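Novice: turn this into a model:
(one chain, ligands or ions: 1)
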Amino acid sequence: MDQQYKYLLDEKDLPRQWYNINPDMPVSPGPVLHPVTKEPVSPEFLMKLFPEEFVKQAVSMERYIDIPEPIREIYKLWRPTPLYRARRLEKALDTPAHIYYKYEGTSPVGSHKLNTAVAQAYYGKLEGLKGFTTETGAGQWGTALSFSCGLFDLECIVYMVKVSYEQKPYRRSVMQTYGGDVTPSPSTTTKSGRAALERDPNTTGSLGMAISEAVEVAVESGGEYKYSLGSVLGPVLMHQTVIGLEALKQFEMAGEYPDIAIGCVGGGSNFSGFAFPFLYNNFTAGKSTRLIAVEPTACPTLTRGLYAFDYGDTAKMAPIVKMHTLGHNFVPPGIHAGGLRYHGMAPHLCALYDHGDIEAVALHQLDTFKSAVLFAQSEGIIAAPESSHAICAAVNEALACKEEGTEKVIAFNLSGHGHLDLAAYDAYLGDELRNYEYPDELIKESLKSLPEVKL
Ligand SMILES: *Cc1c(COP(=O)(O)O)cnc(C)c1O
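Specialist: Numbering: from 1, shown residues only. All right, here's what the predicted structure looks like:
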């Protein structure tokens, strides 16, 4: 009998609505607090920073929210994305498990981030913005937003962490090709950038510093520009649910249902987008899929961070939210999975993790690259180093199935390809990479800086 390798949906099967988990949260993700007063912020405050429609979505209690037609039309450039059965990986592992992966690297920018970038740019256009400001670490988010802004004739001002700006010139070229305006951060163009340079003229920059610069430019533009964030916030997680909603239909085609669903976590958006529709079925349809969030041991936010209120950025300009955090001053080591180096995590995910609805594991980078190489050699795809964390967790689960002799269905989200991350593969293949476990004392030290919040 012919074996099936991929499950493809038609354009007409592209979801017409996003899934909003707000009404189904078993516990509250906590309030959003003003960084100075530390009081809960009003939607009006958030609307100075983010598009109005985006803020409305953040507080919406509607379970399904319509995807506007112009956004769906752009999604059709690459969506629906394929679900693959990784038969050659199964064979290489000699496992009885069935392994599936949803591949988001087919988007024109190479990752899932375009799912929310297109939506945010559209909402910015609706209210007549001149453009967006944002930050980017490894460059994937800046790339997605630059392309999306271009589609709607908006400017895109990107603050790129300086070390990445220097080490990843091709990411910068991609953003500039799409029309993005890229500045290395910290820069002399903002107060917070100048302050950071005064503290340390040789700083390599951090995501926290770049966020501060982007927020400052938006806030001081008198409403011409707003700020866009590529992860962490509720509406971003919701925009990503197109991934899981498509996957549900594809599993119907395959006649199977995942026992385990896996995704890597930086700020939590691709994992949430993949997992929340399955979680909804856990809550309401008697399913019991294990949902596993995978992070690096070098930035172990969920597995070793404190569940507490903290600032979203280093300069304490972004709102305070309740999340698992390593402290807003935490500067993670320079591991190659740049997209997984954020000190915090999406408040929704943290609440669900704290409540026991999802699991988390931390993996060493050498193990993730080993799995990524096996995956490349069996399935052919060079995965982003971030996504390799999900591959590695899936491989570990499949090997456990082999040990136990159980035939579980394991699904993971392959958030992006690694064609611009070949320096990382070079370093791995050249035996230049080391494992890194963040020392307890340094985490404790960093956590001393948490804000005091009375609620
Ligand atoms: C940015 C990025 C991540 C991490 O961000 P999340 O919000 O946690 O999804 C993971 N994979 C890829 C390919 C990315 O670009």
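Novice: any idea how far Ser228 is from the residue nearest the centre of the chain?
Specialist: By C-alpha atoms, centre = their mean, the chain has its centre lying nearest to Ser269, at 3.9 Å. Ser269 is 13 Å from Ser228, where distance means C-beta to C-beta, to the nearest Å. For every residue, glycine as well, the C-beta is placed using N, CA and C.
Novice: what about Glu452, distance to the ligand?
Specialist: 28 Å (C-beta to the nearest ligand atom, to the nearest Å).
Novice: secondary structure element holding the nearest residue to that residue once chain neighbours are set aside?
Specialist: Among residues not flanking Glu452 along the chain, Lys38 sits closest, at 7.8 Å (C-beta to C-beta, 6 or more residues apart in numbering). Under DSSP states H and E, no helix or strand contains Lys38.
Novice: contact partners for Lys38?
Specialist: 320, 451-454 (C-beta atoms under 8 Å, 6 or more residues apart in numbering).
Novice: who wins for most neighbours among those?
Specialist: Within the contacts of Lys38, neighbour counts (other C-beta atoms under 10 Å) peak at Ile320, which reaches 27 neighbours.
Novice: make sure that one is actually in contact with Ala308.
Specialist: No - in this structure Ile320 lies outside contact range of Ala308 using C-beta atoms under 8 Å: 9.9 Å.
Novice: circling back: wait, what's in contact with the closest residue to the residue nearest to the centre of the chain other than its chain neighbours?
Specialist: Among residues not flanking Ser269 along the chain, Ser231 sits closest, at 4.2 Å (C-beta to C-beta, 6+ apart). By C-beta under 8 Å, 6+ apart, the contact list for Ser231 reads 141, 266-269, 342, 346.
Novice: if we use 10 Å, what do you get?
Specialist: Going by C-beta atoms under 10 Å, 6 or more residues apart in numbering, Ser231 touches 113, 116, 141, 237, 240, 265-270, 272, 339, 342, 344-346.
Novice: tell me the buried residues within these.
Specialist: Neighbour-count burial (16 or more other C-beta atoms under 10 Å) is assigned, among the contacts of Ser231, to 113, 116, 141, 237, 240, 265-270, 272, 339, 342, 344-346.
Novice: how about whatever helix or strand Leu197 lives in as CSV, C-alpha atoms only?
Specialist: Following DSSP H and E, the helix or strand that holds Leu197 is helix 191-199. These are the backbone C-alpha positions of helix 191-199, laid out as CSV (Å, rounded to 0.1, in the frame of the first residue of the first chain):
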residue,chain,number,x,y,z
LYS,A,191,17.8,58.3,25.3
SER,A,192,17.8,54.7,26.5
GLY,A,193,20.3,53.8,23.9
ARG,A,194,22.6,56.6,24.8
ALA,A,195,22.3,55.7,28.5
ALA,A,196,23.2,52.1,27.8
LEU,A,197,26.2,53.2,25.8
GLU,A,198,27.3,55.5,28.7
ARG,A,199,27.1,52.6,31.1
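Novice: run through who's touching it.
Specialist: The contact list for helix 191-199 (C-beta under 10 Å, 6+ apart) reads 159, 162, 183-188, 190, 203, 205-206, 208-217, 220, 313-317.
Novice: helices or strands next to the helix or strand that that helix is followed by in the packing?
Specialist: Per DSSP H and E, helix 191-199 leads on to helix 207-219 as the next helix or strand towards the C-terminus. Using 3 or more C-beta pairs under 10 Å, 6 or more residues apart in numbering; DSSP states H and E as the contact definition, the elements that helix 207-219 packs against are helix 43-49, strand 131-136, strand 155-161, helix 162-167, strand 181-185, helix 191-199, strand 225-227, strand 306-311.
Novice: again, 7 Å this time
Specialist: helix 43-49, strand 131-136, strand 155-161, strand 181-185, helix 191-199, strand 225-227 (3 or more C-beta pairs under 7 Å, 6 or more residues apart in numbering; DSSP states H and E).
Novice: what's the most buried one of the ones you listed?
Specialist: Stretch with highest mean neighbour count among the helices and strands packed on helix 207-219: strand 131-136 (a mean of 28; mean count of other C-beta atoms under 10 Å).
Novice: any idea of the mean pLDDT in it?
Specialist: Averaged over strand 131-136, pLDDT sits at 97.
Novice: quick check: angle from the very next helix or strand once past that strand to helix 207-219?
Specialist: Heading C-terminal from strand 131-136, the first helix or strand you meet, by DSSP H and E, is helix 140-151. If you take axes from the mean of the first three to the mean of the last three C-alpha atoms, to 10 degrees, helix 140-151 sits at 20 degrees to helix 207-219.
Novice: any bit of the helix or strand where Phe278 lies sitting next to the ligand?
Specialist: Using DSSP H and E, the element containing Phe278 is helix 269-284. Yes - for helix 269-284, a contact with the ligand is found by C-beta under 6 Å from any ligand atom, at 269-271.
Novice: many thanks, we can stop here.
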